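# Quick check, what structure comes out for this input:
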Amino acid sequence: MPVRTRFTPLAKTIQLVVDRNLSPKARSARVAAFAQDQIDAADAQNRAALGTVPPKTVTVDGRQGAPLTSVNPDHGIIIAEWSLVGDVLQWIFATLRARSPSVSGDYLRSHLLFADGVECDPTNPPPATEYIFLNVVPYARKIEIGKTKKGEDFVIQVENRIYQRTADDAKAHFGNVVKIRSTYTSLSSVGATPIGKWASSASAQALAARHKRRTNSTEWLTRVPAIVVTMR
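Below is the predicted model:
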């Protein structure tokens with residue numbers, strides 16, 4: 001979801017100090033200069049937080065891409081919109097992959113992104129109110145915790161708690177842009193995924209029975225580490 005900032009002559013009268021004795025063209029120039037300063041400041045803040053300046057669109061009195069100086073000096077509106085969340089999601093996706101074990105490549109290839117509950121391309125996510133990263137291999141929880149269900153070490157070639165560490169690092173980088181948290185979640189539709197196929201197997205159902213999880217066994221068996229991203 002784009003972040004929207006509005007600049008209006010009426011709302012910024014004190015800051016702009018637009019002299020009514022000026023010509024309409026001169027007043028528009030004052031408004032445009034103020035708006036440009038605010039846009040430049042937002043670009044600098046985004047660069048500091050993200051390491052880059054996200055793409056933006058600027059609309060002047062309903063006209064996308066129109067010159068700022070063409071704003072109505074008395075009742076005009078300048079809207080600048082930055083597409084911030086895409087950069088955050090791509091950073092999280094790249095970091096999850098970089099921290100993944102790569103012997104078989106199954107875990108590395110199994111990071112998925114859901115936008116409002118619908119799977120999407122992590123490199124080109126659609127607008128949404130909530131994004132969730134998760135991994136669908138049956139052993140995702142073991143990798144995250146670093147232990148088997150028997151309490152034995154689950155030895156892998158990388159440090160465990162991949163999702164938690166990535167969420168913490170993302171929060172440190174982008175916490176002023178979006179809300180980020182690590183959690184565990186279950187897949188609502190699991191039949192076509194590796195963890196879904198495993199959850200329906202006899203061994204998985206026996207595991208659920210041993211842990212007295214006969215009720216909602218699929219929900220329990222398909223519970224995996226996740227990162228949730230929402231707009232502020």
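# for stretch 158-175, what is the average pLDDT?
Averaging pLDDT along stretch 158-175 yields 92.
# Please enumerate residues in contact with that stretch?
49-50, 88, 91-92, 95-96, 99-101, 133, 135, 143-146, 154, 180-182, 225-227, 229 (Cβ atoms under 8 Å, 6 or more residues apart in numbering). The C-beta positions use only the backbone N, C-alpha and C, and glycine is treated the same way.
# Figure out how far it is from the centre of its chain.
Remark: stretch 158-175 is offset 13 Å from the chain centroid, using Cα atoms, centre = their mean, to the nearest Å.
# can you pull out the helices in this protein?
Under the criterion DSSP state H, the chain contains helices at 13-16, 24-50, 85-98, 106-109, 140-145, 162-174, 194-199, 202-210, 217-221.
# wait, which of the ones you listed is closest to L68?
helix 24-50 (3.6 Å; Cβ to Cβ).
# burial of R97, as a residue count?
Neighbourhood size, R97 [other Cβ atoms under 10 Å]: 15.
# From R47, how far off is the nearest residue to it once chain neighbours are set aside?
Once flanking residues are discounted, R97 sits nearest to L108: 5.7 Å by Cβ to Cβ, 6 or more residues apart in numbering. Separation of L108 from R47 (Cβ to Cβ, to the nearest Å): 30 Å.
# Pretty sure A226 sits against I132.
Yes - contact criterion Cβ atoms under 8 Å: A226 and I132 qualify, at 5.4 Å.
# which neighbours do these two share?
T185.
# the more surrounded of these two?
It is A226, of A226 and I132, that has more neighbours when counted by other Cβ under 10 Å, with 22 against 19.
# and the more buried one, what is it in contact with?
I132, F133, L134, Y163, S182, T183, Y184, T185.
# Redo those residues as JSON lines? Include distance to L68.
Shown next, in JSON lines, are the contacts of A226 (distance: Cβ to Cβ, whole Å):
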{"residue": "I132", "distance to L68": "38"}
{"residue": "F133", "distance to L68": "38"}
{"residue": "L134", "distance to L68": "43"}
{"residue": "Y163", "distance to L68": "43"}
{"residue": "S182", "distance to L68": "41"}
{"residue": "T183", "distance to L68": "43"}
{"residue": "Y184", "distance to L68": "47"}
{"residue": "T185", "distance to L68": "44"}
